[in-house]
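*Asks:* test case, fold it:
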Amino acid sequence: MTTRPNVPGEPTQTGTALLETATGAIQSFAPINKIHEHQCAFHFYAYDMTRQVESHHFCSHQNEEMRQCLIYDKPDAEGRLIGVEYMISENLFLALPDEEKPLWHSHEYEVKSGVLFFPGVPGPVQRKALETVTGTYGKTFHFWQVDKGDELPLGLPQLMMSLTRDGQLYDSLAQGADIEKRFGICFKTESENRAYMAGPKQGIHPLANGAGKGLMTKLRETDCKPVDTAAASGVV
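*Replies:* Have a look, this model is predicted:
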């Protein structure tokens, strides 16, 4: 279970809250208002499976074959934005360059095992929605390493992966954090009820899920093109 350190900074002032109320009544939040789906799942760092994070996805459809999700550590009002995930269909994934595919993870095990679920949504309703998710692929980056207790989003964004087989999810997350009790779901029961679901039609691609290897985001120094060079090359 992720820790909840206090985010450093002064408490929100009354004046700030009033300004937020005013701008909220005037401005459009069209991209945010498209969010229609709350998924709970577990991610691990692509280079370290021992670091696992409870992740709450708030998703909207770009179209029938792509979702985009904001990821928070908790689903309450104090939840911290820790990452993003893009979910695409098998067709879109197969069209990606091979060097891109290892950055994406499969969702078949997550869905069919029951550990990816829609909090508060009745089983039959969420299973209907998950029938399409089970064949998709996701690309996820976390910006805030809350599992380390970081009070701010420090370091580089890190690629995250998903569970692909039994025995990977820590009991401290599944049972110790009371996930099933908190959200009124039974992974075993859901797994049995989802047995009929099909994953990618061509099977999970061998290059997905890091191609079976660990992947770490690293920073590398490079020469930065000066403005005049970029302009001369037509890059402006």
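
*Asks:* where does the protein dip in pLDDT?
*Replies:* Applying pLDDT under 70 to the chain picks out residues 1-5, 8-24, 26, 174-177, 229-236.

*Asks:* and the residue nearest to residue 65 when sequence neighbours are not counted, how close does it get to residue 125?
*Replies:* With sequence-adjacent residues excluded and distances taken as C-beta to C-beta, 6 or more residues apart in numbering, residue 65 is closest to residue 89, at 3.9 Å. C-betas here are computed from N, CA, C, even on glycine. Distance, residue 89 to residue 125, by C-beta to C-beta, to the nearest Å: 21 Å.

*Asks:* neighbours around the residue nearest to residue 65, how many?
*Replies:* Using other C-beta atoms under 10 Å, residue 89 has 18 neighbouring residues.

*Asks:* and what of residue 49?
*Replies:* Residue 49, neighbours per other C-beta under 10 Å, totals 13.

*Asks:* ok, it - contacts?
*Replies:* Contact analysis of residue 49 by C-beta atoms under 8 Å, 6 or more residues apart in numbering lists 161, 168.

*Asks:* how about the secondary structure of it?
*Replies:* strand (DSSP: H, G, I helix; E, B strand; the rest coil).

*Asks:* ok, it to residue 75 distance?
*Replies:* From residue 49 to residue 75 the distance is 24 Å (C-beta to C-beta).

*Asks:* apart from its neighbours in sequence, what residue is nearest residue 213?
*Replies:* residue 102 is the one closest to residue 213 (C-beta to C-beta, 6+ apart), at 7.5 Å.

*Asks:* pretty sure the one you found is in a helix, no?
*Replies:* Yes. Assignment of residue 102 by three-state DSSP places it within a helix.

*Asks:* wait, isn't it in contact with residue 215?
*Replies:* Yes. Using C-beta atoms under 8 Å, residue 102 makes contact with residue 215 at a distance of 6.5 Å.

*Asks:* these two: which is more packed in?
*Replies:* residue 102 (20 against 17).

*Asks:* dump the residue contacts of the more buried one.
*Replies:* Going by C-beta under 8 Å, 6+ apart, residue 102 touches 207, 208, 209, 210, 211, 213, 215.

*Asks:* with the residues you listed in mind, which one is nearest to residue 36?
*Replies:* Nearest to residue 36 among these, counting by C-beta to C-beta, is residue 208 at 26.2 Å.

*Asks:* verify the stated contact: that closest one with residue 104.
*Replies:* Yes. Contact criterion C-beta under 8 Å: residue 208 and residue 104 qualify, at 5.5 Å.

*Asks:* find residues that contact each of the two.
*Replies:* 93, 137.

*Asks:* these two: who's more crowded?
*Replies:* Using other C-beta under 10 Å, the more surrounded residue of residue 208 and residue 104 is residue 104, with 26 against 22.

*Asks:* any idea how far the most centrally placed residue in the chain lies from residue 25?
*Replies:* Of all residues in the chain, the one closest to the mean position by C-alpha atoms, centre = their mean is residue 85, 4.2 Å from it. Using C-beta to C-beta, we find residue 85 at a distance of 31 Å from residue 25.

*Asks:* all helices for this protein, in order.
*Replies:* Ranges of helices in the chain, per DSSP state H, are 14-26, 30-33, 90-94, 108-113, 123-133, 171-174, 179-183, 187-193, 227-232.
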